[in-house]
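>>> Next comes the sequence, and after it the predicted model I'd like to discuss.
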Amino acid sequence: MLTIKREVFIILIYQNFSEENDQLKKTKARRFYESLITQVKSNKRSFAVFAVLRIAVIAVLVRSIFAGRYENVFTCMLALALFLVPPFIEKQLKIELPTVLESIAYVFIFCAEILGEIEGFYVKYTFWDTMLHTVNGFVFAAVGFCLVDLFNRTPKVKFSLSPGFLAVVAFCFSMTIGVLWEFFEYGMDVLFQLDMQKDFFIDTISSVKFNAQGESIPQALGEIEKTVLYLKSGETLEFEKYLDIGLGDTMKDLFVNCIGAVVFSGFGYFYIKQRGKGKLASQFIPVLTVDDKPKEKVER
C-alpha cells in the first residue's frame, strides 16, 4: 500500500512539474514573440508594411479554412512565421535592417507564398517567378555581404577582407542559396509530384540519344508540332510541341539569381570603398546596433 501511495505521489509531482514546465515554455515563447513584434514596431514604415501584409495573409487564411483548402492554410501559417524572420535576425545578430531591405523582405514573402502559390500568379504570369528569383538573388547577396562585413568589422575576428573579396563572397552566398532552393524544388517534385520546377513547351530538342550510329554526337530535332504519350492504362495524351521537364525553369532561375547577385555585389563593392557614402547601397546594408533594445530607426 505504501509503495502504491509513493508511486501515485511521484506521478502527481511529475504531472505538476510537467504542467509548470509547459506553462513556463509558453510564457517564454509568448514573451519572445512579443519582443519580436516590438522589434518590428521600432520602425514605423516597415511596420506599416508588415501590418498590412499580415492582415492580408490572415484574411486569406480564414478564406482558406472556410473553403476547406488546408494546404493553403499551412502556406499562410508559413508566411506568418516567415514574417518574423527579419526581426529575429535583428534581435539575435544585434543589427539594424534598413527600412527598404526589411520592407522588401515582407513583400517578397507575400508575393512568393500568397500571390505566387495560393493565388496562382506563377501560372497566370510567366514573369512572376523570374521577377522573384531576381529579387531573391539581390536580397541574399545583401544578406551575405552584410554578414561578412559585420565579421570584418568586429574586433574579435582576426581577419580583414578587401571590398572586392567581400563582393565575391556576397555573390557566392547568394548563388549558394539559389542552388539550395533549386535542390528543394527538385526534391519536392520527385517526392510529392508538386511541379515546383515549372515545365515549358519547346519545339526543338538536341540529344545524343537520337544519334542513329550511337556516337556521342548530339542530333537536333526541330519544328516539333506535337507529342503523343501512350500510358500503360491504354490512355493516350496528346499536346503541342515537346514538354521540357523543368530544366529550362531551373537554369532561368539560376541565371536571373546570378543577375541580382552581381548587381548588388557591385553596389556593395562601391559602398565599402566609400564606407557608407553610397545612398543606394545603404538602403540594403544592415548596420550594427549599440545594444539589442528596440529603438527608433533612422529612415535611410
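Thanks, I have the structure now.

>>> What segments of the stretch 51-200 of the chain are strands?
Under the criterion DSSP state E, counting those that start in this stretch, the stretch 51-200 of the chain contains strands at 95-96, 200-202.

>>> Contacts only, for I37.
P87 (CB atoms under 8 Å, 6 or more residues apart in numbering). From N, CA and C alone the C-beta is placed, and that goes for glycine too.

>>> switch the cut-off to 10 Å
47, 50, 84, 87, 294 (CB atoms under 10 Å, 6 or more residues apart in numbering).

>>> distance of the fourth one from E185?
With distances defined as CB to CB, to the nearest Å, the gap from P87 to E185 amounts to 27 Å.

>>> out of the two, which sits in the more crowded spot?
The residue with more neighbours, out of P87 and E185, is P87; 24 against 19, by other CB atoms under 10 Å.

>>> Quick check: which element contains the nearest residue to that one once chain neighbours are set aside?
Take P87 and drop its neighbours on the chain: the residue closest to it by CB to CB, 6 or more residues apart in numbering is Q39, 3.9 Å away. Per DSSP states H and E, Q39 falls inside helix 2-41.

>>> Average pLDDT for that helix, rounded please.
Mean pLDDT, helix 2-41: 61.

>>> same thing with stretch 240-252?
Averaged across stretch 240-252, the pLDDT comes to 88.

>>> quick one: it to chain centroid distance?
Its chain's average C-alpha position is 23 Å from that of stretch 240-252, according to CA atoms, centre = their mean, to the nearest Å.

>>> CA atoms of it as PDB?
Only the C-alpha atoms of stretch 240-252 are listed here, as PDB (Å, rounded to 0.1, in the frame of the first residue of the first chain):
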ATOM      1  CA  GLU A 240       1.500  20.600 -78.900                       C
ATOM      2  CA  LYS A 241       5.300  20.700 -79.100                       C
ATOM      3  CA  TYR A 242       7.500  18.900 -76.600                       C
ATOM      4  CA  LEU A 243       7.300  19.300 -72.800                       C
ATOM      5  CA  ASP A 244      10.500  20.200 -71.100                       C
ATOM      6  CA  ILE A 245      10.700  18.700 -67.600                       C
ATOM      7  CA  GLY A 246      11.900  21.700 -65.600                       C
ATOM      8  CA  LEU A 247      15.500  22.100 -66.800                       C
ATOM      9  CA  GLY A 248      14.700  25.400 -68.600                       C
ATOM     10  CA  ASP A 249      13.000  26.800 -65.500                       C
ATOM     11  CA  THR A 250      15.900  25.800 -63.200                       C
ATOM     12  CA  MET A 251      18.500  27.400 -65.400                       C
ATOM     13  CA  LYS A 252      16.400  30.500 -65.900                       C
END
